[in-house]
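*Asks:* Make a model of this:
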Amino acid sequence: MITIQDFIQSNRERFLSEWASLIRIPSVSCQPEHKADMLRCAEQWKQLLLAAGCQKAEIMPSKGNPFVYAEYSVSNQPSANSGKRIPTVLVYSHYDVMPAEPLDQWLSNPWEPEVRDGRLYARGADDDKGQAMIQAKAFEYMVQTGQLQCNVKFIFEGEEEIGSPSLEAFIEEHKDLLQCDIILVSDTSMIGKETPSITTGLRGLAYWQIEVDGPNRDLHSGHFGGAVKNPLNALCEMLSKVVDDKGRITIPGFYDDVLPIPQAERDMIAQIPFSEDAYKAAIDVDALFGEDGYSTLERNSCRPSFDICGMWGGYTGEGSKTVLPSKAFAKVSCRLVANQDHEKISRAFVDYMQQIAPIGVRVKVIPMHGGQGYVCPIDIPEYKAAEKGFEIAFGKRPLAARRGGSIPIISDFERVLGVKTILMGFGLEKNAIHSPNESMDLEVWEKGIIAVTEFYKALLH
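*Replies:* Numbers count the residues shown, from 1 in each chain. All right, here's what the predicted structure looks like:
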């Protein structure tokens, strides 16, 4: 039987060509002009999954961009384990990508993949076309060599980068079709190329826009300054109160549902290779800030946070214009941890902003989107199978690590389908997802295929 390593090498050019066929489609979900590209990309995935061995694949409509659904059943295959219950794995991914702008910062065409120094550069090289191809090719190998001992379903969406607005309703409507025993996702990252890790937790998200209205027009700051409440000043005052000098969020009830980090997990986090000096140097800051009593790695993965994402109002053009603006705006967000309900936090923040709003202005807080956090236990068989896959592919046991980002749909899957998700992600910080010159390390990509292959082999053992 051909080994997975030989299978990858003998099909490498075809794999890269298929990967490129996806990348060349600018499936940017947030830009309406790419609506037709979304359908083209979904159709391409349908054909690729059929070619990989799926017995069925179809494009399924939603309120937004379409879904790609595909499946393979071993129930009637000679290789199925006689007398044993056959588990079902649901592989989730997304085919939409972020915009490529600013285009002048790319060293090559973001829609034409280019290999340089062992990395493939393009928009979607990692997030998530590259990682989805890892899943597709591991599945293809298992089917072609007759080693697949479980049923596999694929569900790929086209709205992850805009918050998956259609996914929850789609899952509810098709929960019988999507029934499974475990969900497998490759849309996260590892600690490092030499430090493989499995993501065991994700922070949730709550996001708002704040509008502060003052006078009925922009006012001359000489005539009105000091006599009328400036909406921008008011907004700054309000937002400055949300986090105290110890890094604690002051929203009433904010920490009510936050679970403490188990000491065993804190001990594990302390073993992760990490240099604060290198961390600061990489982002060009001379100091770090966060909640007292926690390390940097705990703060950015296991603890909640609050951030102002954007703020505007008044005159921002060239030169000076002495005005007191009539309106001020901000976009703000909280990263939440498991057990915090994003809707509850959203309501609490809206109430808090109204409570601390100064007189002389009118404040409107608009909840935008959110999602729950997630934690995966590390003692379930499916996690152990993933752990073995990483260990075989990368030559060392992976660390279990929570990550600071959000994939809101993971908690939706658990709530609707009642199953856990294994996050077998192969991204690296160097991959620069969402940024110019996004890339994927080809060596890691190939090891990812091996890791997922070994996951399937270990699943029933």
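*Asks:* got a list of contacts for the helix or strand bottoming out on mean pLDDT in the chain?
*Replies:* Lowest on mean pLDDT, DSSP states H and E among the helices and strands of the chain sits helix 263-270, with a mean of 83. Residues from elsewhere that reach helix 263-270 (C-beta atoms under 8 Å, 6 or more residues apart in numbering): 261, 295, 297, 298, 301, 302, 399, 400, 401, 402. For the C-beta atoms, the positions are set from N, CA and C on the backbone; glycine is no exception.
*Asks:* The same query, at a cut-off of 10 Å, please.
*Replies:* 200-201, 260-262, 294-298, 301-302, 375, 378, 399-402 (C-beta atoms under 10 Å, 6 or more residues apart in numbering).
*Asks:* Buried subset of those residues, written for ChimeraX?
*Replies:* Here is the ChimeraX command that picks out the buried ones among these, judged by 16 or more other C-beta atoms under 10 Å:
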select :200,201,261,294,295,297,298,301,302,375,399,400,401,402
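*Asks:* Take the contacts of helix 263-270 and keep only those in strands.
*Replies:* Residues of the contacts of helix 263-270 located in strands (DSSP state E): 200, 201, 375, 399, 400, 401, 402.
*Asks:* got TSV for those, with pLDDT too?
*Replies:* TSV is the format used below for the ones in strands among the contacts of helix 263-270 (pLDDT from 0 to 100):
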residue	pLDDT
200	90
201	89
375	86
399	91
400	89
401	89
402	89
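*Asks:* Include distance to residue 186 when you put those into JSON lines, please.
*Replies:* Listed next are these as JSON lines, based on distance: C-beta to C-beta, whole Å:
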{"residue": "200", "distance to residue 186": "15"}
{"residue": "201", "distance to residue 186": "17"}
{"residue": "375", "distance to residue 186": "19"}
{"residue": "399", "distance to residue 186": "17"}
{"residue": "400", "distance to residue 186": "17"}
{"residue": "401", "distance to residue 186": "16"}
{"residue": "402", "distance to residue 186": "17"}
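*Asks:* Now do the same for residue 13: helix, strand or coil?
*Replies:* helix (DSSP: H, G, I helix; E, B strand; the rest coil).
*Asks:* Hmm, residue 315 and residue 219 touching each other?
*Replies:* No. Counting by C-beta atoms under 10 Å, residue 219 does not reach residue 315; the two are 11.9 Å apart.
*Asks:* Spit out the residues that contact these two alike.
*Replies:* The contact lists of residue 219 and residue 315 share 322, 323, 325, where a contact means C-beta under 10 Å, 6+ apart.
*Asks:* Spell out which residues make up each domain of this protein.
*Replies:* As assigned by automatic domain parsing, the chain contains the domains 4-201+373-458, 204-258+304-371.
*Asks:* Name the stretch among those that sits most buried.
*Replies:* Mean neighbour count (mean count of other C-beta atoms under 10 Å) peaks for domain 4-201+373-458 among the domains of the chain, with a mean of 19.
*Asks:* Quickly note the distance from residue 274 to residue 338.
*Replies:* 22 Å (C-beta to C-beta, to the nearest Å).
*Asks:* Residue 301 too?
*Replies:* Taking C-beta to C-beta, one finds residue 301 at 11 Å from residue 338.
*Asks:* okay, and the common contacts of these two?
*Replies:* With C-beta under 10 Å, 6+ apart, residue 301 and residue 338 have common neighbours 201, 202, 203, 402.
*Asks:* Let me have those in CSV, extended by distance to residue 248.
*Replies:* As requested, the shared contacts of residue 301 and residue 338 are exported to CSV (distance: C-beta to C-beta, whole Å):
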residue, distance to residue 248
201, 21
202, 22
203, 17
402, 20
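*Asks:* Just name the closest of the residues you listed to residue 95, please.
*Replies:* Closest to residue 95 out of the shared contacts of residue 301 and residue 338 is residue 202 (20.5 Å), distances taken as C-beta to C-beta.
*Asks:* which residues sit in contact with the nearest residue to that closest one once chain neighbours are set aside?
*Replies:* Of all residues not flanking residue 202 in the chain, residue 374 sits nearest, at 4.7 Å (C-beta to C-beta, 6 or more residues apart in numbering). By C-beta under 10 Å, 6+ apart, the residues touching residue 374 are 199-204, 337-338, 402, 406-414, 420-421, 423.
*Asks:* residues in contact with residue 140?
*Replies:* Counting by C-beta under 10 Å, 6+ apart, residue 140 touches 7, 11, 15, 48-49, 51-54, 133, 148, 449, 453.
*Asks:* Mind checking which of those residues are in helices?
*Replies:* Applying DSSP state H to those, the entries found in helices are 7, 15, 48, 49, 51, 52, 133, 449, 453.
*Asks:* I'd like these as CSV, with pLDDT and distance to residue 436 appended.
*Replies:* Output for the ones in helices among the contacts of residue 140, formatted as CSV (pLDDT from 0 to 100; distance: C-beta to C-beta, whole Å):
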residue, pLDDT, distance to residue 436
7, 98, 34
15, 98, 25
48, 98, 27
49, 98, 30
51, 98, 32
52, 98, 31
133, 98, 22
449, 98, 27
453, 98, 33
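*Asks:* Tell me the one of those nearest residue 32?
*Replies:* Of all these, residue 48 has the smallest distance to residue 32: 25.7 Å, by C-beta to C-beta.
*Asks:* Now the closest residue to that closest one other than its chain neighbours: which helix or strand?
*Replies:* Nearest residue to residue 48, sequence neighbours excluded (C-beta to C-beta, 6+ apart): residue 18, at 5.8 Å. Element membership for residue 18 (DSSP states H and E) is helix 12-23.
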